[in-house]
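Engineer: Below are the sequence and a predicted model for it; my questions follow.
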Amino acid sequence: MYRPSRPFILTLRETEIPPQNKSGNEPENQLIKAKSEGKHRMRRLFPLHTNRTLITHLTGMETPDQIVAEVRGAEFDGADAVALELRQLKPEFRSRKTLETIINSAALPFMVLFYRNDQWNPDSTDETRQQLLFEALEAGAGMIDVMGDLYDPSPDERTRNPAAIARQMKDIAAIHAAGAQVIISSHPNRAMTADEVADQLKSFEDRGADVVKIVTAANTEEEFSEAIRTTLRLRHELKTPFVHLCNGTFGRLQRFVGLSLGVAITFGVHEFHPGGYSQPKITALKAVQDNIHWQIDRQLPLK
């Protein structure tokens, strides 16, 4: 059963420490100094075993200057981390050097992701996108996204193909060997039962992820109720930190409630842009988190 237990600690002091291990006894200091081509670089990891949800800035824009401006704004909003999506980044900026500049623009851990929605090359393959994610790994990313159906596009973004799973696990081992973390993600974007969600995320656990993620939908009261029941159940059945989020009519409410129910990471934005992300603002998420004064692991009854 996954239960956050440690206080939130993100130290900015350089310290040589071993990478996170699956025993749950990772170091308190969440910085790793990685070596690449003879050059020391800081690798900031997500402090997963905390007693609160990590509010993570979701961003993806065309130029590094735009991204850096957003990231710095999010840092001052109080974001705990950054999730950088690469689909909008112009091809001329898709290099390790540029990614390193972005990742070093804030004292926050970076998750980097690249789904099948490349704005500049609709025909890009899983292999080419994964290659750029490995460039981000070399640039110092703390967490790399591995799609749940990487190398085998499948319903609900969950492959059951043994060959594809073996390739994913090989990538996961390489990411871990570099001292970074892995999130296995999926976006079915449909209403799902607690049984369906638990089964899917357990299969991702088995592949060696540090975080497992699913985004479903809740458009009715019944679907919202089932989503809350699902989040509560995942706390008891998963050994790995999890991300369970909803889109749809009740999606915003589910994301705010999830802050107190054991969700490891949630996503927010610094500003709203035309055609951009519709997640809640970081400041709104923080306002709820800072004022609700209730967590599933430390319940204080009203008297």
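Structural biologist: The structure has been received and is ready for your questions.
Engineer: Extract the C-alpha set from whichever strand or helix holds Ala136 and format it as CSV.
Structural biologist: Using DSSP states H and E, Ala136 sits in helix 126-138. Output of helix 126-138 as CSV, limited to C-alpha atoms (Å, rounded to 0.1, in the frame of the first residue of the first chain):
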residue,chain,number,x,y,z
ASP,A,126,7.6,6.4,-31.1
GLU,A,127,11.3,5.8,-31.7
THR,A,128,12.1,9.3,-32.8
ARG,A,129,10.1,10.9,-30.0
GLN,A,130,11.8,8.6,-27.4
GLN,A,131,15.2,9.5,-28.8
LEU,A,132,14.5,13.2,-28.0
LEU,A,133,13.3,12.2,-24.5
PHE,A,134,16.7,10.5,-24.0
GLU,A,135,18.3,13.8,-25.0
ALA,A,136,16.3,15.4,-22.3
LEU,A,137,17.6,12.7,-19.9
GLU,A,138,21.1,13.6,-20.8
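Engineer: Can you list the strands that the helix or strand following that helix pairs with?
Structural biologist: The element immediately downstream of helix 126-138 (helix or strand, assigned by DSSP H and E) is strand 143-147. In its sheet, strand 143-147 lies beside strand 110-113 (parallel), strand 181-185 (parallel), with partners assigned from DSSP bridges.
Engineer: And the contacts of strand 143-147?
Structural biologist: Counting by C-beta atoms under 8 Å, 6 or more residues apart in numbering, the neighbours of strand 143-147 from elsewhere in the structure are 45-46, 109-116, 126, 133-134, 136-137, 157, 168, 171-172, 175, 180-186, 209-211. Using the backbone N, CA and C atoms, a C-beta is placed for each residue, glycine as well.
Engineer: Run through this structure and note the low-pLDDT ranges.
Structural biologist: Low-confidence segments of the chain, defined by pLDDT under 70, are located at 1-41, 299-303.
Engineer: let's go with 80 and repeat that
Structural biologist: Along the chain, the model assigns pLDDT under 80 to residues 1-42, 298-303.
Engineer: Can you add mean neighbour count and distance to Arg94 and give the strands paired with strand 143-147 back as JSON lines?
Structural biologist: As requested, these are exported to JSON lines (neighbours: other C-beta atoms under 10 Å; distance: least, C-beta to C-beta, whole Å):
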{"stretch": "strand 110-113", "mean neighbour count": "26", "distance to Arg94": "12"}
{"stretch": "strand 181-185", "mean neighbour count": "26", "distance to Arg94": "20"}
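Engineer: Distance to Ile292 for those - can I get that in TSV?
Structural biologist: As requested, the strands paired with strand 143-147 are arranged in TSV below (distance: least, C-beta to C-beta, whole Å):
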stretch	distance to Ile292
strand 110-113	25
strand 181-185	25
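Engineer: how about those, which one is nearest Leu238?
Structural biologist: Between Leu238 and these, the tightest spacing by C-beta to C-beta is seen for strand 181-185, at 12.1 Å.
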